[in-house]
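**Q** attaching a predicted model along with its sequence, questions to come.
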Amino acid sequence: MSELAFRLSKTLTGKLNVHYQCPKCKEGLKNSLDDAGATDTCPKCNSSFVVPGAAKKKEFEIEQRRREAEEKAKKIEKLKEREEQKQAAIQVMQMEEQKEEAVNVQPTPVVPTNTARPSAKFEYPAIEIPIRRTFSESLLAVFGLVQFVWFTLFIFNKFERGMGRRFQDDNAIGATANATELGVLALAAWLNAIFVVLIFIYIKVSQQTRIQAIEAMKDEFR
């Protein structure tokens with residue numbers, strides 16, 4: 001039995017309907033395309049027939065499944081693209097955090113591998129000056145003592161050789177000359193004593209300065 005002639009129409013909701021005529025009474029009938037291929041009865045003559053449009057129904061079903069598959073593939077592709085974008089954003093954030101950590105981390109001080117002990121001059125540069133000052137102070141002290149002893153012996157020798165005997169002379173001119181010479185020698189002895197005293201004062205002040213410098217260096221190394 002051949003299929004009945006039909007035509008299709010679409011409703012406002014997008015649903016397809018099949019329009020055809022009853023094969024017996026020619027009454028115009030309408031069914032949904034979903035009923036195509038099923039047996040139905042004419043409401044006017046009660047004759048039975050098969051609703052036409054089964055091939056069209058199958059064609060529309062295949063097309064609908066194809067569209068659904070395409071839409072599903074598009075959704076999967078969009079989800080995959082969003083996931084890739086999310087992973088890329090996470091990687092960028094991690095790289096930025098690593099850069100910030102690298103900037104904030106203080107560099108580790110490099111410990112010199114040379115284990116040789118440095119010289120005393122390199123390790124304690126300020127101690128060399130007090131040693132030299134002590135040596136110079138010792139030289140000044142020795143010089144002052146030698147100067148004082150030498151000048152004392154010089155005066156004593158000078159007095160013993162002639163000045164003592166000339167003081168006993170009754171000559172007024174000779175006595176005046178001896179007194180003048182004695183005054184000059186006394187002034188020289190006084191100046192020499194002052195010179196020696198200044199040397200020892202300088203030594204004392206230098207020692208105090210050296211002690212203060214050493215204390216300051218100790219505080220600095222602490």
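**A** Sure thing, it's come through.
**Q** pLDDT weak spots in this structure?
**A** Applying pLDDT under 70 to the chain flags the ranges 1, 105-137, 156, 158-179, 181-182, 218, 220-222.
**Q** from the contact counts, what lies against the helix or strand harbouring Asn31?
**A** Counting by DSSP states H and E, the element that carries Asn31 is strand 28-32. Strand 28-32 sits against strand 16-21, with contacts defined as 3 or more C-beta pairs under 8 Å, 6 or more residues apart in numbering; DSSP states H and E. Every residue, glycine included, has its C-beta placed from N, CA and C.
**Q** which outside residues touch the strand it packs on?
**A** Contact with strand 16-21 is made by 4-11, 27-33, 35-36, 51-53, 60, as judged by C-beta atoms under 8 Å, 6 or more residues apart in numbering.
**Q** any buried residues in that strand, and which?
**A** Leu16, Asn17, Val18, Tyr20, Gln21 (16 or more other C-beta atoms under 10 Å).
**Q** need the max-distance pair from the residues you listed.
**A** Of all pairs drawn from the buried residues of strand 16-21, the one with the longest distance (C-beta to C-beta) is Leu16 and Gln21, at 18.3 Å.
**Q** quick revisit: make JSON lines out of the buried residues of strand 16-21 and add distance to Glu100.
**A** Output for the buried residues of strand 16-21, formatted as JSON lines (distance: C-beta to C-beta, whole Å):
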{"residue": "Leu16", "distance to Glu100": "62"}
{"residue": "Asn17", "distance to Glu100": "67"}
{"residue": "Val18", "distance to Glu100": "69"}
{"residue": "Tyr20", "distance to Glu100": "75"}
{"residue": "Gln21", "distance to Glu100": "80"}
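**Q** list just the nearest of these to Gln91.
**A** Distance to Gln91 across the buried residues of strand 16-21 (C-beta to C-beta) is lowest for Leu16, with 49.9 Å.
**Q** what's opposite that closest one in the beta bridge?
**A** Lys10 (DSSP bridges).
**Q** got the domain ranges for this structure?
**A** For the chain, the structural domains run 7-73, 120-221, going by automatic domain parsing.
**Q** dump the ones you listed into TSV; add distance to Gln98 as well.
**A** Below are the domains of the chain laid out as TSV (distance: least, C-beta to C-beta, whole Å):
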stretch	distance to Gln98
domain 7-73	37
domain 120-221	40
